[in-house]
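Novice: here is a sequence together with a model predicted from it:
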Amino acid sequence: MTEPVTELNDDEVVDEIREEIAAVDRALVEVINRRVALVQRMKARKEEIGAGWVDPAREQRMLDYVASLNQGPVSQGGLAELYRQVVALCKRDVYGV
């Protein structure tokens, strides 16, 4: 039996998990920036063709699609909340909405 660790910083497993979390965080930042860049492209195209910028029905279809992909452990409600925040971030950064 191992002795209790008094400091989490002394635990190799904790360190490994923290490194994995940091890698996921880096990937999330990259993916969010890619999504914002794509929304910028979409905005430019919509301006070219004279289409409206915001489509609430499309946003709901995207939310439904993302929910259908979820296998957990994140809850459907948690995923919906996160996705709404990502969409809001894109609107704010790209459309100023």
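Specialist: Now that the structure is in, tell me what you want to look at.

Novice: buried residues in stretch 72-86, which are they?
Specialist: Within stretch 72-86, the residues scored as buried using 16 or more other C-beta atoms under 10 Å are 79-80, 83, 86. For the C-beta atoms, the positions are set from N, CA and C on the backbone; glycine is no exception.

Novice: find the helix or strand that G72 is a member of.
Specialist: For G72, there is no host helix or strand (DSSP states H and E).

Novice: what sits against it?
Specialist: When the contact criterion is C-beta atoms under 8 Å, 6 or more residues apart in numbering, G72 has no partners at all.

Novice: use 269 as the first number from now on
Specialist: All set: I'll call the first residue 269, so the last point we hit is now G340.

Novice: from G320, how far off is it?
Specialist: 35 Å (C-beta to C-beta, to the nearest Å).

Novice: low-scoring stretches of the protein, by residue?
Specialist: 269-274 (pLDDT under 70).

Novice: follow-up on the earlier one: in helices, which of the buried residues of stretch 340-354 appear?
Specialist: 347-348, 351, 354 (DSSP state H).
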